[in-house]
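J.: Fold the following, please.
(one chain, ligands or ions: 3)
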Amino acid sequence: MQTGLIIRSTGSWYEVRHHDGHIYRARLKGKFKIQGLKVTNPIAVGDRVQFELEDETENTVVITGIEPRENYIIRKSVHKTAHGHILAANIDQAVLIVTLAFPRTSLGFIDRFLVASESFRIPTTLVFNKADILKDEALDYQQEIINLYENIGYPCLETSATEGANVDVFRNLLDQKISLLSGHSGVGKSSLVNAVAPDLQLRTNEVSTFANKGVHTTTFAEMFEIAPDTFIIDTPGIKELGLADMEKEEISHYFPEMRDRLNQCRFHNCLHINEPGCAVKEAVNEGDIAESRYWSYLGMVSGEDNRK
Ligand SMILES: Nc1nc2c(ncn2[C@@H]2O[C@H](COP(=O)(O)OP(=O)(O)OP(=O)(O)O)[C@@H](O)[C@H]2O)c(=O)[nH]1
Ligand SMILES: [Mg+2]
Ligand SMILES: [Zn+2]
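T.: Ligands and ions are numbered 1, 2, ... in the order given. Prediction:
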């Protein structure tokens, strides 16, 4: 028996990477069910599996078992609503690439992403790219935003892919990890990856073209090894992560600065909207919770779709 990492999935076939780097085509052995989780796909990209060699000349193996997952991103299945679809598993971190201009990433979008990654228990770093095109005031504003998120506990990094600024820090951030790379189209995801892994150039461009064709992208994630044991998942369908069936009461638990104050609210089921004795609202009034974060929160509680 051998063990490996699922790096690609097409639904019926998988690609599994053995520790020595060899990649096999893999399929599941007969009936394969994971206890207690209603999903349409039992195995996803990022899963660590056990397998047995099936046919050496054909390079095929049979997956016989799966290791417990540290985390996973799940979506409601398009076909069976009672089931979920696992997009990726065992993600060490999410890296959200943003630009405050050209194109503008809104704070609402950042906050939605952070709430989703909190809910999936995936630590997240914010990368502010295109630092080279920001002038004085815009740079000051960016610094304010960075302070805001660092105070909450999210590491932030300013980069310029074109000028090579902090590209080495970005490389270290990814080193020996499985990272979910996300961000709006045009923020510079491919440029940053190409800056740290020039050999991969062609491949990342291919990802983009593939992505633009749509259809399969939301369903099947792909993982790229950009350096030894360093993987990125660059799958357009999971850029937004989504707030999978979150209850209203749950949302503030995924704002760390609100979570810290929840037990100080007068009512245990406080939604922090207009209840008396609300510690969250008080903190907003005192300036201890950023107004922009509170606005994002209200938008999410009211079910507003803020994907811009
Ligand atoms: N000035 C400046 N331009 C950048 C920087 N990074 C990327 N760009 C430019 O921004 C444009 C988009 O970059 P991409 O790397 O293709 O963006 P992407 O996030 O991969 O976009 P999608 O693949 O569509 O999701 C390209 O013209 C890049 O040259 C940067 O740091 N500074
Ligand atoms: Mg790209
Ligand atoms: Zn409250």
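
J.: Could you measure from residue 137 over to residue 188?
T.: To residue 188, residue 137 is 21 Å away according to CB to CB, to the nearest Å. The C-beta positions use only the backbone N, C-alpha and C, and glycine is treated the same way.

J.: Ok, residue 115 next?
T.: For residue 115, the distance to residue 188 - CB to CB - is 24 Å.

J.: that older thread, quick one, which of residue 137 and residue 188 is more surrounded?
T.: Remark: of residue 137 and residue 188, residue 188 carries more neighbours, 22 against 8, as counted by other CB atoms under 10 Å.

J.: That one touches residue 163, doesn't it?
T.: No. If you go by CB atoms under 8 Å, residue 188 and residue 163 don't touch, sitting 11.4 Å apart.

J.: helices and strands of the protein: which one bottoms out on pLDDT?
T.: helix 201-212 (a mean of 44; mean pLDDT, DSSP states H and E).

J.: Could I get the full set of strands for the protein?
T.: 2-9, 14-18, 23-28, 48-55, 60-66, 72-76, 84-89, 93-98, 124-128, 156-158, 178-182, 223-227, 230-233 (DSSP state E).

J.: need the ones you listed in CSV with mean pLDDT and mean neighbour count, can you?
T.: Formatted as CSV, the strands of the chain follow (pLDDT from 0 to 100; neighbours: other CB atoms under 10 Å):
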stretch, mean pLDDT, mean neighbour count
strand 2-9, 94, 20
strand 14-18, 95, 20
strand 23-28, 94, 18
strand 48-55, 94, 16
strand 60-66, 94, 17
strand 72-76, 83, 20
strand 84-89, 86, 23
strand 93-98, 96, 23
strand 124-128, 98, 22
strand 156-158, 98, 18
strand 178-182, 94, 24
strand 223-227, 90, 19
strand 230-233, 93, 22
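
J.: who wins for proximity to ligand 3 among the ones you listed?
T.: Relative to ligand 3, the nearest member of the strands of the chain by CB to the ion is strand 124-128, separated by 24.4 Å.

J.: Do the closest one and ligand 1 come into contact?
T.: No. With CB under 6 Å from any ligand atom as the criterion, ligand 1 is not reached by strand 124-128; the gap is at least 9.8 Å.

J.: roughly how far out does that strand sit from the chain middle?
T.: Counting by CA atoms, centre = their mean, to the nearest Å, strand 124-128 is centred 11 Å from the centre of its parent chain.

J.: could you say what helices and strands that strand packs with?
T.: If you count contacts as 3 or more CB pairs under 8 Å, 6 or more residues apart in numbering; DSSP states H and E, strand 124-128 packs onto strand 93-98, helix 107-119, helix 136-152, strand 156-158, helix 167-174.

J.: what about these, which gets the closest to ligand 1?
T.: Smallest distance to ligand 1 across these (CB to the nearest ligand atom): 6.4 Å, for strand 93-98.

J.: is any part of that closest one close to ligand 2?
T.: No. Judged by CB under 5 Å from the ion, strand 93-98 makes no contact with ligand 2; its nearest approach is 9.8 Å.

J.: Direction included, what does that strand pair up with?
T.: strand 124-128 (parallel), strand 178-182 (parallel) (DSSP bridges).

J.: Closest residue of this structure to ligand 2?
T.: Nearest to ligand 2, among the residues of the chain, is residue 190, at 3.2 Å (CB to the ion).

J.: Perfect, that will be all.
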